[in-house]
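S.K.: Have a look at this prediction, sequence included:
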Amino acid sequence: MSKSEGGLIPATPVQLQKKSICFENMHNKGNGAYFENPVVEEDSLKVKNHPRTGRTPTTTNRKAPNPRKWRYLMTQETRFELGLATSADEKMTWIRDFRDFAGDTSAHGVKNIFEGPTKLLKLIFLICWIICSVYATYVIMNSIITFINRPTGTKFTFLVENEQRKLGKPAVVPMPTISVCSHNKVKKSFLMRKGNEQLRDIYHTLEKYDKGEAAELAVNLTREEFAEVRDMRYEDLLAAGSISSDRLLMCQQRSRNCRDLAAFSQTPVFTRENSITGTCFRINPMGTLNALMGDYGALQLRFWADVQDYSKAAKNSPYHGFTVAFHDRDSYGSTLSSGYLMSPGSYYKVDLRMRKESREPPPSGHCDDSQPFTTYGNYSEGACIMECKDKVLNDTCGCVNVVPPINTLNYTSCTLQQWSSCGLKTYLDWYKNYTNPDTENELPSETMCRCHLPCTETNYEAKVSSSDIPMSYAENMFEIAGIRGYMQHISAPELGINYNKSSDIKDNMMVLEVMFSSSQISQVKEFVKYTTNNLLGDIGGVLGLFLGASLFTILEFFQFIIMSIAKYCCMWTPGGRKKLEASEMS
């Protein structure tokens, strides 16, 4: 048997005789049995007509298709019978199938590794293909790792959330709720009142925050003479001794009293909030007040610090005056870990800018979207910490120091007996452990406050400037009969509280002016920087640039693997497992 000029082995009469296998298996599929340069001895062989068409097949004047197409799916016997083998003793191997697959695949350059004109070019193509494959694998693995880590970025934009600009009117901005908390937790005038001697001693002992003295007090409270006060709740003591509502001297906007503004026609100007630090004023509690940019919409507040009515514990504190915080209406000042210290005798000007933040929830981000509301209003880190503190106190002592504003868990405030015997010690232990990062691994999980960032949050960035109230201003205020009458009303000469001089105004009055420096609302949004689209784009780009491959190339490769496994492991062929038999013609 010799090779023909076309490079393929010609079909012998015996091969064409075997039940016309070339027509029965190939022509019926629309391919036909086509050979290059066939040699047929017509005198010694009578070719049978095709069983379906009845016509005599011919191998001449027909366009020869690509003999490699689907060639790796044929059995060894079929390849020899169709004349596609390169030698009579050729063995069918997986490498030979892969070479045939490489010639057919849509990936560019792979077939040149097997069919290059010279060995040198084949080697060059092979080296380039290996280098490109290694680099493409490296880039793809990095892309997958980046996608799994899901890195995030932030986007900063400006918003104006109202329709005023569209109507040609100045833009308005919602005024925040302003929490103003006095540093005088319990007034001296309350503690020195006749009949409150026992409460005074109890309060002064508790304010030392000493475990030993608190335990001794708990023993003393079991005695009969303390029967009337030991069941008084700690929160009631703070509320009864807090500063009076008339310490808010003035609230006005655009020279109009807040009570006369339409924003407060259906809602109160302020409410009072009990907290562990004392009672706080909540100005604009429902968030109904709006403001314009600049001094035109400024809100002016005046407070009386009542320094002469400070208790012994408050006088010894380095902080006199107020702590002021700016937040949205669904939050509370007691949850804010920081505020602005404002001393009496000063005029403060606060420029606000509203800022909204949104973060990505897990698995991309680290915010907590499982609990949008808490017993302290909107979820925040501060609200989470306060809830954690309340849970530890309630689980240990069966009560809390101060009931949360939204008491959905039905907490009760500790009595003076409970607070001195259990509550104060538990609170000090919790506070010590919470503020010490080195003890985290030593504590049981239920005592740890594992608080995450909220997914949405509204903050008010403040720039605070201040100046001392001039003596001339205090003297002018003292000339107002209403001011002098107020000072006389809150005086208690028998307790050493006398407000009868202009210097008392300078020592006690605190003026706060709140305004917006811009009507624009800044928005900070966290987003996933590397998404599924980025991953597919990077993988497709590196495959196309370095390997000339595409999605269809991947599908072709998987098809080749599946077909090869089926062929070599299961003896499967595209026409089924039916073995073709041929009979010789004599």
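M.R.: Now that the structure is in, tell me what you want to look at.
S.K.: first to last residue in stretch 409-423, what's the distance?
M.R.: One end of stretch 409-423 to the other measures 18 Å (CA to CA, to the nearest Å).
S.K.: Am I right that residue 252 sits in a helix?
M.R.: No: counting by DSSP: H, G, I helix; E, B strand; the rest coil, one finds residue 252 to be strand, located in no helix.
S.K.: so is the residue lying closest to it once chain neighbours are set aside in a helix, a strand, or just coil?
M.R.: Nearest non-adjacent residue to residue 252, counting by CB to CB, 6 or more residues apart in numbering: residue 300, 5.4 Å away. Bear in mind the C-beta positions are built from the backbone N, C-alpha and C, glycine included. Secondary structure assignment for residue 300 (three-state DSSP): strand.
S.K.: burial measure for residue 300, as a count.
M.R.: 17 (other CB atoms under 10 Å).
S.K.: got the contact list for it?
M.R.: 250, 251, 252, 253, 511, 512, 513, 514 (CB atoms under 8 Å, 6 or more residues apart in numbering).
S.K.: Tell me which helix or strand the last one sits in.
M.R.: With secondary structure defined by DSSP states H and E, residue 514 is part of strand 509-516.
S.K.: pLDDT on the very next helix or strand once past that strand, on average?
M.R.: Next helix or strand after strand 509-516 toward the C-terminus (DSSP H and E): strand 521-528. In this model, strand 521-528 has a mean pLDDT of 84.
S.K.: tell me what strand 521-528 is packed against?
M.R.: Using 3 or more CB pairs under 8 Å, 6 or more residues apart in numbering; DSSP states H and E, the elements in contact with strand 521-528 are strand 152-159, strand 346-358.
S.K.: Can you spell out which helices and strands pack onto the longest one?
M.R.: The reference is to strand 346-358. Under the contact definition 3+ CB pairs under 8 Å, 6+ apart, strand 346-358 sits against strand 322-327, strand 340-342, strand 456-468, strand 509-516, strand 521-528.
S.K.: In CSV, list the C-alpha atoms belonging to the last one.
M.R.: Included here for strand 521-528 are C-alpha records, laid out as CSV according to Å, rounded to 0.1, in the frame of the first residue of the first chain:
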residue,chain,number,x,y,z
ILE,A,521,-26.1,67.8,51.1
SER,A,522,-22.9,65.8,50.7
GLN,A,523,-23.3,62.0,50.1
VAL,A,524,-20.6,59.4,50.7
LYS,A,525,-21.5,56.1,49.1
GLU,A,526,-19.6,52.9,49.4
PHE,A,527,-19.6,50.6,46.4
VAL,A,528,-18.1,47.4,45.2
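S.K.: Measure how far whichever helix or strand comes after it is from the centre of its chain, please.
M.R.: Going down the chain from strand 521-528, the next helix or strand is helix 532-546, by DSSP H and E. From the chain centre to the centre of helix 532-546 is a distance of 27 Å (CA atoms, centre = their mean, to the nearest Å).
S.K.: what's helix 532-546 in contact with?
M.R.: For helix 532-546, the external contacting residues (CB under 8 Å, 6+ apart) are 132-133, 135-136, 139-140, 143-144, 146-147, 549-551, 553.
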